[in-house]
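Engineer: Provided below for reference: sequence and predicted model.
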Amino acid sequence: MKSRFLFVTGGRIIDPFKGIDMVGDVLIREGNLEWVGENGLSMCPDGCPILFAKGMVVSPGFIDLHCHLREPGFEEKETIASGTEAAARGGFTAVCCMPNTSPPIDSPDTMTYLRNKVGLEARVRVFPIGCVSQGRRGEKLTDMASLAESGVVGFSDDGKPVADPELMQRALERSRLLDLPVMDHCEDLALTAGGVMNDGPAAAQLHLKGMPGAAEESVVQRDVELAMLTGARIHITHVSTAGSVEIIRRGKETGVRVTAEATPHHLTLTEESVSLCGTNAKVNPPLRTAKDVEALVQGVKDGVIDAIATDHAPHTLGDKAGDFNSAAFGISGLETALPVLLALVHEGRLNLPTLIARLTSGPAKVLSRVAGMSVLSGYPVPEGLGMLQAGSPGDLVLFNPDFAWVVDPSRFASKGRNTPWAGRLLRGKVMATVVGGEIVYRDDSVEMRRK
Ligand SMILES: [Zn+2]
């Protein structure tokens with residue numbers, strides 16, 4: 001519903017970045033946050049829609065640095081419309097979409113197509129990521145400056161690494177001038193050739209070829225060193241091993257401009273899931289060991305891992321059918337991210353404000369540019385994203401951290417039904433999602449009235 005105002009009342013408002021944790025109200029006006037505080041009903045004009053958030057947490061909308069919306073080219077897996085509807089239901093008010101589409105997003109022309117489509121169909125904010133190399137072939141750089149002017153928020157050949165270190169060095173040199181991150185999928189393809197799950201006893205037992213942690217860590221190490229050499233910003237996507245966390249930690253300690261993300265599945269599942277869930281547990285990088293999961297959770301806790309990103313990778317049933325070796329990699333993750341992560345809170349391994357920070361201000365920091373560094377007319381990220389302060393975008397999520405529900409992928413908004421949590425009881429549910437003051441998702445149980 002469109003309205004000049006929206007008033008959200010009686011929720012537990014949490015914004016770790018601003019140090020807010022209070023029961024109170026939020027007023028949104030003309031799409032932006034106007035006021036946060038206690039007993040604000042008098043500020044709310046007659047006729048203003050009111051969302052009742054008693055018993056719910058109200059936080060800045062979640063920001064996903066890494067998802068696959070599959071459009072253009074793979075509309076049978078996902079579309080802008082279905083993927084952003086899934087985002088809205090998952091509490092994500094902004095998503096960055098990876099450019100491994102067909103055609104890939106490697107030129108201002110493909111960006112124009114994507115932006116038009118987003119303008120017509122997206123339910124939440126979409127920030128595109130552009131390719132590092134033309135056609136994602138890893139040979140020639142794209143025109144990164146033109147891509148930046150057309151509105152990309154970073155560069156990646158995701159799905160694949162930037163294998164050639166010299167190409168990566170030049171990509172970093174250019175991205176530094178644009179003050180945008182290169183977001184690398186770190187994988188030594190020679191070490192993972194033919195691999196389908198984590199290398200180790202579990203793979204041996206299943207007679208499957210493993211992908212060693214060293215295949216990731218060697219490229220993370222290379223990227224950190226190239227970021228040091230060039231002074232550029234490197235963002236390590238979907239970190240999966242304890243070794244990678246250590247390399248990133250040391251990089252940060254020495255002043256390298258390195259940021260990192262981890263996924264809900266790598267933070268909660270191990271390689272054991274492969275024998276339990278079959279191809280729905282086949283992801284790249286693969287699910288690792290309990291020791292790796294522990295190191296990732298520790299990294300999220302202490303901030304070495306800046307952001308939690310879904311790597312939402314929807315596939316058709318056919319792509320995931322058949323034997324483990326031939327099935328596609330990926331999990332459809334937008335609609336289960338929050339409850340999967342809340343398990344860490346319920347188990348006492350992570351506190352709620354820290355979890356919220358890694359879903360809001362953490363990713364917002366990766367998307368924020370140094371003011372005045374260079375003018376990018378098309379830069380789509382609004383000021384104040386990921387926090388609750390006057391003038392911030394009016395992007396909110398309301399969730400009940402305890403509400404228990406059973407995952408039924410046939411009810412997903414996403415076309416991708418590939419999830420290892422099918423049939424599982426999870427605790428925590430998004431109840432409403434607000435983008436720019438507009439309610440883009442609301443559970444039937446959330447009361448709404450006009451003043
Ligand atoms: Zn990837």
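Structural biologist: Yep, that arrived.
Engineer: am I right that residue 310 is in contact with residue 333?
Structural biologist: Yes - if you go by CB atoms under 8 Å, residue 310 and residue 333 touch, sitting 4.1 Å apart. C-beta here means a position set from N, CA and C on the backbone, and glycine is covered the same way.
Engineer: contacting residues around residue 68?
Structural biologist: The contact partners of residue 68, by CB atoms under 8 Å, 6 or more residues apart in numbering, come to 77-78, 83, 97-98, 100, 311-314, 330.
Engineer: neighbours of the nearest residue to residue 221 once chain neighbours are set aside, how many?
Structural biologist: Of all residues not flanking residue 221 in the chain, residue 247 sits nearest, at 5.2 Å (CB to CB, 6 or more residues apart in numbering). Residue 247 is flanked by 26 other residues according to other CB atoms under 10 Å.
Engineer: and the pLDDT for the residue in the stretch 151-300 of the chain that the ion sits nearest to?
Structural biologist: Nearest residue of the stretch 151-300 of the chain to the ion: residue 185, at 3.6 Å (CB to the ion). pLDDT, residue 185: 98.
Engineer: try the one 10 residues further on
Structural biologist: Predicted confidence (pLDDT) for residue 195: 98.
Engineer: what about it, distance to residue 142?
Structural biologist: Distance from residue 195 to residue 142, counting by CB to CB, to the nearest Å: 29 Å.
Engineer: tell me which of these two has more neighbours.
Structural biologist: Neighbour totals were compared for residue 195 and residue 142, and residue 142 leads with 25 against 21 (other CB under 10 Å).
Engineer: low pLDDT regions in this structure?
Structural biologist: Scanning the chain for pLDDT under 70 picks out 1-3, 371-375.
Engineer: let me have the contacts of residue 68 in TSV, adding neighbour count, distance to the ion and secondary structure as columns.
Structural biologist: TSV is the format used below for these (neighbours: other CB atoms under 10 Å; distance: CB to the ion, whole Å; DSSP: H, G, I helix; E, B strand; the rest coil):
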residue	neighbour count	distance to the ion	secondary structure
77	24	15	coil
78	27	16	coil
83	31	16	helix
97	28	13	strand
98	28	7	coil
100	21	8	coil
311	27	6	coil
312	32	11	strand
313	25	8	coil
314	30	14	coil
330	24	9	coil
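Engineer: any chance you could map the helices in the stretch 101-250 of the chain?
Structural biologist: Under the criterion DSSP state H, counting those that start in this stretch, the stretch 101-250 of the chain contains helices at 108-121, 144-149, 165-178, 189-192, 201-205, 213-230, 242-253.
Engineer: of all those helices, which lies closest to residue 42?
Structural biologist: helix 108-121 (37.1 Å; CB to CB).
Engineer: that closest one - contacts with which helices or strands?
Structural biologist: The contact analysis (3 or more CB pairs under 8 Å, 6 or more residues apart in numbering; DSSP states H and E) places helix 108-121 against helix 80-90, strand 125-128, helix 144-149.
Engineer: report the buried residues of that helix.
Structural biologist: Applying a neighbour-count criterion of 16 or more other CB atoms under 10 Å, one finds 108, 110-111, 113-115, 117-118, 121 buried in helix 108-121.
Engineer: got the contact list for that helix?
Structural biologist: By CB under 8 Å, 6+ apart, the residues outside helix 108-121 that reach it are 71-72, 79-81, 84, 97, 101, 103-105, 126, 128, 130, 143, 146-147, 149-152.
Engineer: residues from the chain in reach of the ion?
Structural biologist: Counting by CB under 5 Å from the ion, the residues of the chain lying close to the ion are 158, 185.
Engineer: returning to that earlier point: which neighbours do residue 310 and residue 333 have in common?
Structural biologist: 263-264.
Engineer: residue 63 belongs to a strand, doesn't it?
Structural biologist: Yes - according to DSSP: H, G, I helix; E, B strand; the rest coil, residue 63 belongs to a strand.
Engineer: what distance do you get for it to residue 75?
Structural biologist: The value you get for residue 63 to residue 75, if CB to CB is used, is 25 Å.
Engineer: next: residue 216.
Structural biologist: Between residue 216 and residue 75 the distance, using CB to CB, works out to 31 Å.
Engineer: who has more neighbours out of the two?
Structural biologist: Here residue 216 and residue 75 are compared on neighbour count by other CB under 10 Å; more neighbours surround residue 216, at 29 against 15.
Engineer: mind listing what the nearest residue to that one once chain neighbours are set aside touches?
Structural biologist: Excluding its sequence neighbours, the residue lying closest to residue 216 (CB to CB, 6+ apart) is residue 186, at 5.1 Å. Residues in contact with residue 186 (CB under 8 Å, 6+ apart) are 161, 216-217, 219-220, 223, 236-237, 244.
Engineer: cool, residue 414 as well?
Structural biologist: Listed by CB under 8 Å, 6+ apart, the contact set of residue 414 reads 78, 82-83, 85-86, 312, 314, 332, 334-335.
Engineer: rerun that using 6 Å as the cut-off
Structural biologist: Going by CB atoms under 6 Å, 6 or more residues apart in numbering, residue 414 touches 82, 86, 314, 332.
Engineer: out of the residues you listed, who's nearest residue 170?
Structural biologist: Nearest to residue 170 among the contacts of residue 414, with distances taken as CB to CB, is residue 314, at 32.7 Å.
Engineer: ok, and what's touching the helix or strand where residue 297 lies?
Structural biologist: Using DSSP states H and E, residue 297 maps to helix 290-302. With contacts defined as CB under 6 Å, 6+ apart, helix 290-302 is touched by 241-242, 245, 262, 266-267, 270, 305, 349, 358.
Engineer: can you rerun that using 8 Å?
Structural biologist: The contact list for helix 290-302 (CB under 8 Å, 6+ apart) reads 213, 239-242, 245-246, 248-249, 260, 262, 266-270, 304-305, 308, 344, 349-350, 354-355, 358.
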